[in-house]
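Got a sequence here, can you build the structure:
(chains A, B, C and D)
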There are 4 protein chains.
Amino acid sequence: MADKLKIGVLGASGYTGADLVRLLATHPNAEIRVLTANQQAGQPMRAVYPHLGGLDLPDLVKWEDADWSGLDVAFCGLPHGTTQEIVAQMPDHLKVVDLSADFRLRDPDVYAEWYGHEHRALQLQEQAVYGLTELNRDAVTGARLVACPGCYPTAVLLALVPIVQAGQVDAGDLVIDAKSGVTGAGRKVAQQLLFAEVGEGIHPYGVAKHRHAPEMEQEIGLAAGGRPVHVSFTPHLMPMNRGELVSCYVRLSDGETADSLRARLAERYAGEPFVRVLEPGESPATRNVRGSNYAVMNVFADRIPGRAIVICAIDNLVKGSSGQAIQNMNLMTGLPETTGLGQQPLFP
Amino acid sequence: MADKLKIGVLGASGYTGADLVRLLATHPNAEIRVLTANQQAGQPMRAVYPHLGGLDLPDLVKWEDADWSGLDVAFCGLPHGTTQEIVAQMPDHLKVVDLSADFRLRDPDVYAEWYGHEHRALQLQEQAVYGLTELNRDAVTGARLVACPGCYPTAVLLALVPIVQAGQVDAGDLVIDAKSGVTGAGRKVAQQLLFAEVGEGIHPYGVAKHRHAPEMEQEIGLAAGGRPVHVSFTPHLMPMNRGELVSCYVRLSDGETADSLRARLAERYAGEPFVRVLEPGESPATRNVRGSNYAVMNVFADRIPGRAIVICAIDNLVKGSSGQAIQNMNLMTGLPETTGLGQQPLFP
Amino acid sequence: MADKLKIGVLGASGYTGADLVRLLATHPNAEIRVLTANQQAGQPMRAVYPHLGGLDLPDLVKWEDADWSGLDVAFCGLPHGTTQEIVAQMPDHLKVVDLSADFRLRDPDVYAEWYGHEHRALQLQEQAVYGLTELNRDAVTGARLVACPGCYPTAVLLALVPIVQAGQVDAGDLVIDAKSGVTGAGRKVAQQLLFAEVGEGIHPYGVAKHRHAPEMEQEIGLAAGGRPVHVSFTPHLMPMNRGELVSCYVRLSDGETADSLRARLAERYAGEPFVRVLEPGESPATRNVRGSNYAVMNVFADRIPGRAIVICAIDNLVKGSSGQAIQNMNLMTGLPETTGLGQQPLFP
Amino acid sequence: MADKLKIGVLGASGYTGADLVRLLATHPNAEIRVLTANQQAGQPMRAVYPHLGGLDLPDLVKWEDADWSGLDVAFCGLPHGTTQEIVAQMPDHLKVVDLSADFRLRDPDVYAEWYGHEHRALQLQEQAVYGLTELNRDAVTGARLVACPGCYPTAVLLALVPIVQAGQVDAGDLVIDAKSGVTGAGRKVAQQLLFAEVGEGIHPYGVAKHRHAPEMEQEIGLAAGGRPVHVSFTPHLMPMNRGELVSCYVRLSDGETADSLRARLAERYAGEPFVRVLEPGESPATRNVRGSNYAVMNVFADRIPGRAIVICAIDNLVKGSSGQAIQNMNLMTGLPETTGLGQQPLFP
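Sure thing, here's the model as predicted:
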């Protein structure tokens, strides 16, 4: 056990917390020492998540009561707005992988506009590295604090950043239609997330107002050379537990085709262990990534001349959250990037 | 019984056939006299569809063995390519409501290109009226042969034709992302429609190659004043039985806004019994139309300047097929248009 | 409109309230005049149930603010424990169809034991008729106050009472395994009813402790000649919106067989419009009753000699609640029993 | 790689084949060398199962074309009736883990009665060890040929054998109500397994006629000291991909209680890595074992005196098939039993 990283998970009562535990349980270099959940403090983890009852885990504690000094890594799965001050109090030696939205946005005004309050740890935000691993690997490797992307931005940016960087598409005319399973909303107890409200149906939500939009715009703007962009982003809620599919409708630059986009993506992700550009014509499907850290994508010709369609699928709780967080931890601590992430998709 | 329309349903073994029977069962002016299903001929309908076992229905027969002379109306729910010659042999007095693709496309070359064979009853195709009721009511009223639109075109055209006709959007830059339940594919026994393949997942299919695209292009082209257009159309298969949601991403003409589009639609459909433009901000949801003949729609502002989002939801088997077919029958036979279609949505 | 019953629905914000409205909307002799929902008072019904947005309905009011004097019938869909005092204040001319548990149990001690408080309107409870229509038609017809059975008791008692009455099975050894969709729990906002908690899974709940057990025991005891019985009752929660299937494992009296049980049920329900005993070997399935007032059942031989299996399926919100309530209203007001209940099952 | 077991999977195109590959992919001592699928021979595995596209796997071949000489272990996931002759031709050194029904039944007459043909390798059947690991560990360890139990028998026998062996319940009055996801039927392309037929519904199938009944009766009879028994077994098909829950209604021997049964099971499975007896009152749920090799169970008091309820949940494709097969392989080859089976349940 001497060579194992000592891990704390803040906010272990959320779905992302539970999925971190699931994945870390088979990680050969990780040992969970602290699990916090302020409302369920004092309970064993299996009281909150019976599916983890086969594991030997520490009981849930309040974050104030946890001893951070002996840990190596902290994952933060807290609601936005609460992480900033907690992280600011953590000892410096601790590597922090944040799964909340608190350190994703570089512009404090944008943060304040979308989250309704001033940022409370601006100096940390400046240090934070945006943890979309494949696109920011070098910075993640040396980081102390990584802000893991939102689930939608993960899928969208993997699909679009390389072709925006290459100038192959118009960064100002990106239309993104996203479909997500219900765990994207976390374990929030709300009428609109009841089985009877979601089952046998689909509907859009937060049309053109979803908080992941500014995050995408920030990164796409950077990829486009720093100019401000707006994206059209419409998420839909559908009856499945896990999975996220983004269908991106793009306007091609002169001379570009669906094939040239696909070639660019294939080249960009050649050798990547978790990103796969499918064979021409193959459809990305969320069932083919369920429970795994994979992202799969493809590009299709459109019937409208000058347009193409880029589609990407991930598991929102894994590559879109906990899996990518562990991928980042591996880099930050010098482990091989794929350590503990070999789980293949669960299909059916 | 004397004043009841005598009805025959061809292809009663498909889901659209079954839903026709379900709806006609409570139609006060309809009496089902003939049900055909060549492969199940000789069986009672309840052997094929046990949920209809509470009804007193004629047994299934081969279409060749049915006596059409005493009927008033025939609904045809046959696979494409087989309807043409059968309808050509029907007596002239019979009103024909076709739910297949065979009479939807006015250009025989387009039909041949997409369906892989020459059209076999061109003179009938010329007579056929495109039965999107709200947009073609007068022609339907006097028609002998109505070609009911495909499920996707029904939702898309209801949402887009009025704003294309009014010149409010660029007809050449319409991006349509559609999501459908599995019954859109009928009762076809195929691996990709197994529960285990569809459950807990979503994926696109027929990207930019779906047979409903030319049908949309035909009608949108007409609405745009007759010029040829291409539409971007990407359907997705998702784990629900019924329901279809189309999210249409449109480029606004100068001076137009999401509000002006919504106002146009609200004006166009004021007084329509089955089409509702929702209050500003309300999301169309398939659960709110399930099992009913309603279409609900709304328009949203986009983050990209000069763009808007038009979203429409229907039940693919009702407004997208059998319900609209009965709506057309009512018009063709002089009945009030809403007769027998008062069923409210089944939620949850 | 003069000949229409004027209807009030108390507790219209629950799923049973919504399904009452759905069904009453096509009832030719009913007119909804009052909808109460104390927490949503002041809102239009479509704000709470958008799927009913196509109907012209009164806004929601508090029950204290409703005028009961002009009404003919009140449906009460309130939580248990709250109905008793409200009904006690209603004018005598009003027919009351109660969908709560408040008037189902004849023994006040049993009520107090299972519901945790004394009954507050014992004189009303004495007048209340147990509204399992097919088994208690005469009493329902003349009643002023009908207590509609719980959803599970409806399916179980339809399947078992006739064979218990005939002495064909051992009333003291009835094992009932039930499976229900999530709407059985109402629109309660609780973690265990979230989509992500229910989707892709099944589990038992309230094993041997469910409040519907004493109700079944009361009626089976009566059918057994008045002797007290205990039943084994284990409900399971499964991922569907509507539907309930009860599998009843029974010990046969000497000389009885699965066939003799089936024959008894077929004879008992011959001519019943809403109860169907299937052909030998056919499986009852919830999909075949969804959205309708039907109950379907069958009897199967068991491999253990001296045992048989009786299985019954209903839609918990229709025959198990709102549909049966309307069936009772029809009887209580002298209308044909099937009026307004002709909706066929929605399949798929 | 030198110390890795060389593995062949026959019938890799079925769901159990795919799940074997999924699990073996992270098994540290296994290397897949051969994948057979006669109808898809020549294709890469990812053409049949795109979710496995991230793995480096051999292409599919016909079983006749595979070289068995260099392999250590063969998993057979073939349809019943086809495995016998193939296994008879395999080299003696090869350990064989069979997932079909072909070697489960010890009495050839029983096999012939339920599977419709004579057994074709009786001498192998005599050698075959029934591979319910926890109950037959010693025999499995030394076996060359292991017949893995059916999914239903796995859950039922884990729950019942210890209490039957101890004489705590009446082995002649076991009533088993089972619920299964659709993958229990394999990847068979059949109408009754279409999403639209299974979604939003539940129904029993094969009532008192399911082929897993004789298998349960064989093992329960042995546990009861060798006397023949019949069990009441009713499976139900429900809308989920994976998971199986069995609710067993048992008659207690004198002096026994639900608590004494639970105590016996807890004692019997103390220390078992994959079987967990839950805390009193906790409900077994399939969601809590999904994708994992766990079985979870509990015992509940019944309302009928002298009865109790034993409930067990597994993932039918893992503990009910591929996971248990690997567990057996580990034992047969001298590896620690849990090797490669550390995957925790995927919830939600």
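
The one residue in the stretch 1-150 of chain A that gets nearest to chain D: what secondary structure?
Going by C-beta to the nearest C-beta, chain D is nearest to residue A:51 of the stretch 1-150 of chain A, at 4.0 Å. Backbone N, C-alpha and C define where each C-beta goes, glycine included. Three-state assignment for residue A:51 (DSSP: H, G, I helix; E, B strand; the rest coil): helix.

And for it, the neighbour number?
Counted with other C-beta atoms under 10 Å in any protein chain shown, the neighbours of residue A:51 add up to 25.

again with residue A:227
Neighbourhood size, residue A:227 [other C-beta under 10 Å]: 10.

per-residue confidence at residue A:155?
Looking at residue A:155, its pLDDT stands at 98.

For residue A:179, see how far away it is.
Plainly put, residue A:155 is 10 Å away from residue A:179 if you go by C-beta to C-beta, to the nearest Å.

any shared contact partners between the two?
A:244, A:245, A:246 (C-beta atoms under 8 Å, 6 or more residues apart in numbering or on different chains).

Does chain C have contacts with whichever strand or helix holds the second one?
Yep, that's residue A:245 we're talking about. Using DSSP states H and E, residue A:245 falls within strand A:244-251. No: counting by C-beta under 8 Å from any C-beta of the partner chain, chain C has no neighbours in strand A:244-251; the shortest distance is 13.9 Å.

what about that strand, near chain B?
Yes: using C-beta under 8 Å from any C-beta, strand A:244-251 reaches chain B at A:245, A:247, A:249.

Among those residues, which one sits closest to chain D?
The closest of those, once distances to chain D are taken by C-beta to the nearest C-beta, is residue A:245, at 14.1 Å.

In contact with that closest one: list those residues for me.
The contact partners of residue A:245, by C-beta under 8 Å, 6+ apart, come to A:155, A:178-179, A:284-286, A:311-313, B:202-204, B:236.

what do you get for residue A:155?
Contact analysis of residue A:155 by C-beta under 8 Å, 6+ apart lists A:178, A:244, A:245, A:246, A:295, A:312, A:313, A:314, A:319, A:320.

Just the buried ones from these?
The neighbour-count criterion (16 or more other C-beta atoms under 10 Å in any protein chain shown) marks A:178, A:244, A:245, A:246, A:295, A:312, A:313, A:314, A:319, A:320 among the contacts of residue A:155 as buried.

And the pLDDT for the third one?
Same thing as residue A:245. Model confidence at residue A:245, given as pLDDT, is 98.

Enumerate the beta-bridge partners assigned to it.
For residue A:245, the beta-bridge partners are residue A:179, residue A:313 (DSSP bridges).

measure it to residue A:201 for me?
Taken as C-beta to C-beta, the span from residue A:245 to residue A:201 is 17 Å.

before we move on, what about residue A:63?
Residue A:63 is 37 Å from residue A:201, by C-beta to C-beta.

for residue A:257, same thing?
Separation of residue A:257 from residue A:201 (C-beta to C-beta) stands at 37 Å.

cool, and residue A:289?
Counting by C-beta to C-beta, the gap from residue A:289 to residue A:201 is 23 Å.

Equivalent analysis for residue A:120, please.
Distance from residue A:120 to residue A:201, by C-beta to C-beta: 39 Å.

Which residues are in contact with residue A:19?
Contact analysis of residue A:19 by C-beta under 8 Å, 6+ apart lists A:317, A:318, A:321, A:322, A:323.

Now with 10 Å, please.
Residue A:19 is in contact with A:49, A:77, A:99, A:183, A:242, A:291, A:315-318, A:321-323, A:325-326, D:344, D:346-348, counting by C-beta atoms under 10 Å, 6 or more residues apart in numbering or on different chains.

That one - that's part of a helix, no?
Yes: the assignment for residue A:19 by three-state DSSP puts it in a helix.

Roughly how far does it sit from chain B?
16 Å (C-beta to the nearest C-beta, to the nearest Å).

Could you double-check that residue A:65 lies in contact with residue A:35?
No: judged on C-beta atoms under 10 Å, residue A:65 makes no contact with residue A:35 at a distance of 11.5 Å.

Can you check which residues contact both of these two?
Common contacts of residue A:65 and residue A:35, defined by C-beta under 10 Å, 6+ apart, comprise residue A:41.

And those two? Which one has more around it.
Neighbour tally, residue A:65 and residue A:35, criterion other C-beta under 10 Å: the higher count belongs to residue A:35, 27 against 11.

Checking that one next. Helix, strand or coil?
Secondary structure state of residue A:35, per three-state DSSP, is strand.

per-residue confidence for the closest residue to it other than its chain neighbours?
Closest residue in space to residue A:35, ignoring its immediate chain neighbours: residue A:12 at 4.1 Å, by C-beta to C-beta, 6 or more residues apart in numbering or on different chains. On pLDDT, residue A:12 comes in at 97.

Residue A:12 is in contact with residue A:49, isn't it?
Yes: the pair residue A:12 / residue A:49 is scored as a contact, 8.4 Å apart, by C-beta under 10 Å.

returning to that earlier point: neighbour-wise, which of residue A:289 and residue A:201 wins?
With neighbours defined as other C-beta under 10 Å, residue A:289 and residue A:201 compare such that residue A:289 has more, 36 against 27.

Ramachandran coordinates for that one?
Backbone torsions of residue A:289, given as degrees, to the nearest 10, read phi -130, psi 0.

Please verify my assumption that it contacts residue A:278.
No: using C-beta under 10 Å, residue A:289 is not in contact with residue A:278, being 11.4 Å away.

Overlap in contacts, the two.
Listed as contacting both residue A:289 and residue A:278 by C-beta under 10 Å, 6+ apart are A:296, A:313, D:50, D:53.

that older thread, can you put the buried ones among the contacts of residue A:155 in TSV and add distance to residue D:218?
What follows is those, written out as TSV (distance: C-beta to C-beta, whole Å):
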residue	distance to residue D:218
A:178	52
A:244	47
A:245	47
A:246	52
A:295	48
A:312	50
A:313	45
A:314	46
A:319	46
A:320	47
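
Specify which member of the residues you listed is nearest to chain B.
Within the buried ones among the contacts of residue A:155, proximity to chain B (C-beta to the nearest C-beta) peaks at residue A:245, which comes in at 5.1 Å.

So the residue nearest to residue A:35 versus chain C, what's the distance?
Remark: distance between residue A:12 and chain C (C-beta to the nearest C-beta) = 16 Å.

hmm, the one helix or strand residue A:261 maps to in reach of chain B?
Using DSSP H and E, the element containing residue A:261 is helix A:258-268. Yes: judged by C-beta under 10 Å from any C-beta of the partner chain, helix A:258-268 comes into contact with chain B at residue A:258.

Quick one: name the residues of chain A near chain C.
A:15, A:50-51, A:181-201, A:203, A:237-242, A:317.

Which ones among the residues you listed lie within strands?
A:203, A:237 (DSSP state E).

Now, the residues of chain A next to chain C that are in helices?
If you go by DSSP state H, the residues of chain A next to chain C have A:15, A:195, A:196, A:197, A:198 in helices.

tell me the pLDDT at the second one?
The one in question is residue A:195. pLDDT at residue A:195 comes out at 98.
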